[in-house]
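>>> Sequence first, predicted model second:
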Amino acid sequence: MTHPVDGKVVLITGAASGIGAATARLAAARGAKVIATDIDGEGVTAVAGEIGGHGLVHDVTDPAQWDAAIAAAVAHHGRLDGLVSNAGIVNYEPIIDLDMELFRSLVRVQVEATFVGLQKAVAQMRAQAGDEPAQGSIVVNASVMANEVAPGIASYATVKAAIANMARAVGVELGRNGDFIRVNTVAPGPVRTPLLEGAIGMEAMQDPASWGDVPLGDPSEPEDIAETILFLLSEESSFMTSAQLVVDGGWSLT
Ligand SMILES: NC(=O)c1ccc[n+]([C@@H]2O[C@H](COP(=O)([O-])OP(=O)(O)OC[C@H]3O[C@@H](n4cnc5c(N)ncnc54)[C@H](O)[C@@H]3O)[C@@H](O)[C@H]2O)c1
């Protein structure tokens with residue numbers, strides 16, 4: 001039986017590692033044509049080689065590199081059906097002490113990049129539709145921190161709230177405009193990736209006490225989030241737009 005993402009052309013940012021790499025692997029395994037992009041050229045080339053997709057160096061803060069990434073999808077497969085706006089960085093310093101440039105880098109990688117990616121992907125989806133309503137699915141990877149606050153994570157929570165609300169607003173705007181381009185957000189809790197490990201340290205990562213607040217008992221695996229992203233990319237979620245799916249093992253309710 002074919003999966004609903006079978007044959008879809010999907011651009012995934014931050015695909016060299018963690019959730020992006022897991023999504024690229026799962027999408028390819030389910031028959032999608034994957035354009036995997038990342039600022040880490042070596043990493044993304046390895047992932048793309050493994051899955052038989054196309055790998056591209058793509059710094060999401062650079063609008064010209066967005067043009068090149070979307071052009072690559074069109075050159076290889078003639079169109080773009082889906083975008084997973086996933087690349088991200090984190091900062092765990094108290095916001096009151098945070099260096100302005102570090103704050104700006106979070107804004108650039110999350111807020112500006114999501115803005116540019118949405119604009120460029122929608123432009124391509126409209127262009128390829130001709131006189132028909134544009135079709136497509138865009139998934140923004142935010143975080144439960146879009147809805148929560150915790151000490152030391154205010155800058156990350158700020159930019160994640162911004163992109164979650166941006167996605168919500170754009171979904172409504174597009175629907176009202178007659179585009180059938182759905183925009184949804186995934187909001188993961190703790191996920192076992194290099195980003196989380198870098199933020200809290202390997203020891204805390206491996207200590208079960210760190211996850212006492214997660215009703216399901218552990219951080220999720222990147223594959224858990226990838227499954228949700230594939231659902232949002234596919235026609236299985238065909239009447240969902242401007243929605244947010246929280247995947248956190250119940251953590252944000254404790
Ligand atoms: N790990 C978690 O606990 C968790 C929880 C909620 C949300 N998220 C979000 O999931 C997304 C993926 O994170 P992850 O945990 O897989 O981390 P990760 O560090 O494993 O992967 C992030 C990828 O983004 C890439 N990247 C960073 N800056 C970039 C840029 N300017 N241009 C292009 N690529 C860039 C990195 O090279 C890396 O490959 C992020 O947006 C993160 O905020 C993670």
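Yes, it's here.
>>> ok, now how distant is the residue nearest the centre of the chain from Asp67?
In the chain, the residue lying closest to the centroid (C-alpha atoms, centre = their mean) is Asn86, at 2.4 Å. Noted for Asn86: a distance of 19 Å to Asp67, by C-beta to C-beta, to the nearest Å. The way it works is simple: take the backbone N, C-alpha and C, and place the C-beta from them, glycine included.
>>> likewise Ala226?
Look at Ala226 and Asp67: by C-beta to C-beta, they are 26 Å apart.
>>> Mind telling me which residue of the stretch 51-200 of the chain is nearest the ligand?
Gly88 (2.2 Å; C-beta to the nearest ligand atom).
>>> who touches the residue nearest to the centre of the chain in this structure?
Asn86 sits next to Ile12, Thr13, Gly14, Ala15, Ile19, Gly20, Thr23, Val139, Asn141, Ile229 when contact means C-beta atoms under 8 Å, 6 or more residues apart in numbering.
>>> How about residues contacting the longest helix anywhere in the chain?
Ranked by number of residues, the top helix in the chain under DSSP state H is helix 154-176. Residues from elsewhere that reach helix 154-176, judged by C-beta under 8 Å, 6+ apart: 85, 90-95, 98, 102-103, 106-107, 110-111, 114-115, 118, 122, 134, 138, 140, 142-143, 145-150, 181-185, 187, 241-244.
>>> go on, stretch 48-55?
Under C-beta under 8 Å, 6+ apart, the answer for stretch 48-55 is 15, 24-25, 28-29, 33-38, 41, 44-47, 56, 72, 76.
>>> Put the alpha carbons of it into CSV.
Extracted C-alpha coordinates of stretch 48-55, given in CSV (Å, rounded to 0.1, in the frame of the first residue of the first chain):
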residue,chain,number,x,y,z
ALA,A,48,20.8,12.6,1.1
GLY,A,49,23.1,9.9,-0.1
GLU,A,50,21.7,7.4,2.4
ILE,A,51,18.1,8.1,1.3
GLY,A,52,18.6,8.6,-2.4
GLY,A,53,17.5,12.2,-2.2
HIS,A,54,19.1,15.5,-3.1
GLY,A,55,21.3,17.3,-0.5
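>>> Please see if that stretch touches the ligand.
No. Shown here: stretch 48-55 not in contact with the ligand (C-beta under 6 Å from any ligand atom), separated by at least 11.7 Å.
>>> Give me the mean pLDDT for the lengthiest strand in the chain.
Of all segments of type strand in the chain, defined using DSSP state E, the longest is strand 180-188. Taken as a whole, strand 180-188 carries a mean pLDDT of 98.
>>> Who are the contact partners of Val5?
So Val5 contacts Ala27, Arg30, Gly31, Ala32, Gly82, Leu230, Leu233, Ser234 (C-beta under 8 Å, 6+ apart).
>>> try 10 Å this time
Each residue near Val5 by C-beta atoms under 10 Å, 6 or more residues apart in numbering is listed here: 26-34, 81-82, 137, 229-231, 233-236.
>>> Buried ones among those residues?
26-28, 30, 32-34, 81-82, 137, 229-231, 233-234 (16 or more other C-beta atoms under 10 Å).
>>> List the residues that contact Val10.
Counting by C-beta under 10 Å, 6+ apart, Val10 has contacts 23-24, 27-28, 32-36, 53, 73, 77, 80-84, 136-137, 139, 229-230, 233.
>>> Which ones among these map onto helices?
Using DSSP H, those in helices are Thr23, Ala24, Ala27, Ala28, Ala73, His77, Ile229, Leu230, Leu233.
>>> can I get those residues in a markdown table with pLDDT?
Converted to a markdown table, those look like this (pLDDT from 0 to 100):
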| residue | pLDDT |
| --- | --- |
| Thr23 | 98 |
| Ala24 | 98 |
| Ala27 | 98 |
| Ala28 | 98 |
| Ala73 | 98 |
| His77 | 98 |
| Ile229 | 98 |
| Leu230 | 98 |
| Leu233 | 98 |
